[in-house]
Each structure stands twice: as structure tokens, then as C-alpha cells.
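Engineer: only geometry, no sequence info:
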């Protein structure tokens, strides 16, 4: 087995898409809220649940992340299975993109960057939102 050596970056480094930074901020903020919830018991109430009594697709996400911080995968699954599945998938993709950009920007290593066409981004977004919508409807039965 041979390993190819990645060359150092040459020329300007393509910036990270602003949507990647937005998703990274949401993920970091979510775990920060989970830490606050775990330490103090304070959470953000869901407006949909408060007004209707129905659970939205994100209801329980803070408790799910807090359960993950405690290492309780079973409780995390019961609080919000959809976010438990989608979160790590999106997190790994975002983390890799930021890592590849950071290494290139520092001039240390040129890792291949993700290149998705606008059509692929639109399809993935619709699939993720559709899955969350279906989950949100099914969890209220």
C-alpha cells in the first residue's frame, strides 16, 4: 500500500462557503446550549410545542446533545433520533471542510476539498428537510 504525499498549497486558497461556517456555528452553539442545559437545567422552549403541544423535528435536540455529553446514547436516541443521525453526518462533512481549508490556509497541507454542484446542494438540502419533516409528523402519532 502506498500513500500519496499531499503537496503544499500553491497560490490563493479558496475560501470556505458561508453556509459551511453557518452550519458549524449552529453545531457549536447547539453543544454549548446542551452544556448549559446539562449544568443548569435551562433550555430554550420550542414555540411550536408551547403553542400546540406538538413536537417539531428539532424538539429534544438540546436534551439529545446533553445526553450525548453524558455518554447516554439510548437517551439521546429517544430524545431526537433524526438529529442524532443527521448531526454527525453533517458534522463530519463540515469538520473536514474546515480542517482542509485551515491546513491549506496555514500552508501546511493541501487536502482535497469537497466540491458539490449547486444542484447537488439543492438535492441534499431537500432530502434532509424532507426527512426532518417526515420525522416531525411521525413523532406526533
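Structural biologist: Good, I have the coordinates. These numbers were taken from a predicted model, which means no experiment stands behind them.
Engineer: low-confidence ranges, the chain, go.
Structural biologist: 1-6, 9 (pLDDT under 70).
Engineer: which helix runs longest in it?
Structural biologist: helix 81-106 (DSSP state H).
Engineer: now do the helix or strand just after that one: which elements does it pack against?
Structural biologist: Using DSSP states H and E, the helix or strand that follows helix 81-106 in sequence is helix 118-138. Applying 3 or more CB pairs under 8 Å, 6 or more residues apart in numbering; DSSP states H and E, one finds that helix 118-138 makes contact with helix 81-106. To be clear about C-beta, it is placed using only N, CA and C from the backbone, and glycine gets the same treatment.
Engineer: still on that earlier bit, by how many degrees do the longest helix of the chain and helix 118-138 diverge?
Structural biologist: 150 degrees (axes from the mean of the first three to the mean of the last three CA atoms, to 10 degrees).
Engineer: how about helix 81-106: buried residues?
Structural biologist: Going by neighbour count (16 or more other CB atoms under 10 Å), the buried part of helix 81-106 is 82-84, 86-87, 90-91, 94, 97, 100-101, 103-104.
Engineer: do the same with stretch 18-30
Structural biologist: 20, 23, 24, 27, 30.
Engineer: spatially, which two of those residues are the most separated?
Structural biologist: The span of these, defined through CB to CB, is set by 20 and 30 at 15.7 Å.
Engineer: picking up where we left off before, so which of the buried residues of stretch 18-30 is the closest to residue 136?
Structural biologist: residue 30 (17.4 Å).
Engineer: so the closest one is in which element?
Structural biologist: helix 18-40.
Engineer: between that helix and helix 118-138, how many degrees?
Structural biologist: Using the same axes, to 10 degrees: helix 18-40 against helix 118-138 is 30 degrees.
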